[in-house]
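Peer 1: Next input, structure requested:
(2 chains)
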Amino acid sequence: SAVISQKPSRDICQRGTSLTIQCQVDSQVTMMFWYRQQPGQSLTLIATANQGSEATYESGFVIDKFPISRPNLTFSTLTVSNMSPEDSSIYLCSVEVASQAEKLFFGSGTQLSVL
Amino acid sequence: GENVEQHPSTLSVQEGDSAVIKCTYSDSASNYFPWYKQELGKGPQLIIDIRSNVGEKKDQRIAVTLNKTAKHFSLHITETQPEDSAVYFCAASPSGGSYIPTFGRGTSLIVHP
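Peer 2: Numbering: from 1, shown residues only, chains lettered A, B, ... in the order given. Sure, this is the predicted structure:
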């Protein structure tokens, strides 16, 4: 398994500002992902964080709005830029480890509220 | 792409009863079906999974069944306890290559003491 530290756990932000969420894993992982979970909704994949290169974004998500970094195998950040109330969600970091392919491990999430 | 439907959206049971959550999927290429449990304020946690070469898998009070012909799979929880109260998500993914799972919309299970 993998222990994932995600912070902040929650934040309240003003419209137009940006928030950077950090994800730190205690071991090297093969894949890192960022998900969004809107209230009462399922888990929607935002992007796959690629080490040392640009993230791979899913349809409906763009780099200007959700820039992602992954400087090494154990750390990634997601920035929610120019926030609006519609960005209020839980954002989740998720990883896959080599020894347990296809199984995802999730961080505890960042609950974001935009006023 | 894959589409996963999950029912019911809410399930309320008495402690000790059984609970069943059902999912259907659309892509016949999917062959890995995990179930995740999300407790309040926490991230989802994998509780059981099944692959398409297996029809049923059991782990203590939790079991999952798969009907690949009908493209549906179910989670069964027996002798429910209050600590089973959580949101449960099913998912489906193809193996190999880009096997990112598609999640269902979740079932909120409430177990009343």
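Peer 1: Show the pLDDT at the residue in chain B that chain A sits nearest to.
Peer 2: Chain B approaches chain A most closely through residue B:43 (3.2 Å), counting by Cβ to the nearest Cβ. (Each C-beta comes from the backbone N, C-alpha and C, glycine too.) Listed pLDDT for residue B:43 reads 93.
Peer 1: Likewise for the one 4 residues further on?
Peer 2: According to the model's per-residue confidence, residue B:47 sits at a pLDDT of 96.
Peer 1: Alpha carbons of the helix or strand it falls within, in CSV - could you do that?
Peer 2: Per DSSP states H and E: residue B:47 is located in strand B:45-51. Extracted C-alpha coordinates of strand B:45-51, given in CSV (Å, rounded to 0.1, in the frame of the first residue of the first chain):
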residue,chain,number,x,y,z
GLN,B,45,-10.4,3.0,0.2
LEU,B,46,-10.3,-0.2,-1.9
ILE,B,47,-12.3,-2.9,0.0
ILE,B,48,-12.6,-5.7,-2.6
ASP,B,49,-12.1,-6.3,-6.3
ILE,B,50,-12.8,-8.9,-8.9
ARG,B,51,-11.5,-9.8,-12.3
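Peer 1: Partner strands of that strand, with direction?
Peer 2: The strands beside strand B:45-51 in its sheet (DSSP bridges) come out as strand B:32-38 (antiparallel).
Peer 1: So for the partner strand, mean pLDDT?
Peer 2: Averaging pLDDT along strand B:32-38 gives 96.
Peer 1: for stretch A:36-51, same thing?
Peer 2: The average pLDDT for stretch A:36-51 rounds to 91.
Peer 1: Could you list the buried residues of the strand holding residue B:47?
Peer 2: B:46-50 (16 or more other Cβ atoms under 10 Å in any protein chain shown).
Peer 1: immediately after that strand, which helix or strand?
Peer 2: Elements were assigned by DSSP H and E; along the chain past strand B:45-51, the next helix or strand is strand B:56-59.
Peer 1: and the helix or strand that that next one is followed by, does that touch chain A?
Peer 2: Sequence-wise, the next helix or strand downstream of strand B:56-59 (DSSP H and E) is strand B:62-67. No. Using Cβ under 8 Å from any Cβ of the partner chain, strand B:62-67 stays clear of chain A, with a minimum separation of 14.3 Å.
Peer 1: Now do strand B:62-67: distance to the chain's middle.
Peer 2: Between the centre of strand B:62-67 and the centre of its chain there are 8 Å (Cα atoms, centre = their mean, to the nearest Å).
Peer 1: Please list all residues in contact with residue A:53.
Peer 2: Residue A:53 is in contact with no residue at all, counting by Cβ atoms under 8 Å, 6 or more residues apart in numbering or on different chains.
Peer 1: scratch that, residue B:86
Peer 2: By Cβ under 8 Å, 6+ apart, the contact set of residue B:86 is B:37-40, B:108-109.
Peer 1: make it 7 Å
Peer 2: Counting by Cβ atoms under 7 Å, 6 or more residues apart in numbering or on different chains, residue B:86 makes contact with B:37-39, B:109.
Peer 1: Tell me what angle the strand holding residue B:47 forms with strand B:62-67.
Peer 2: If you take axes from the mean of the first three to the mean of the last three Cα atoms, to 10 degrees, strand B:45-51 sits at 30 degrees to strand B:62-67.
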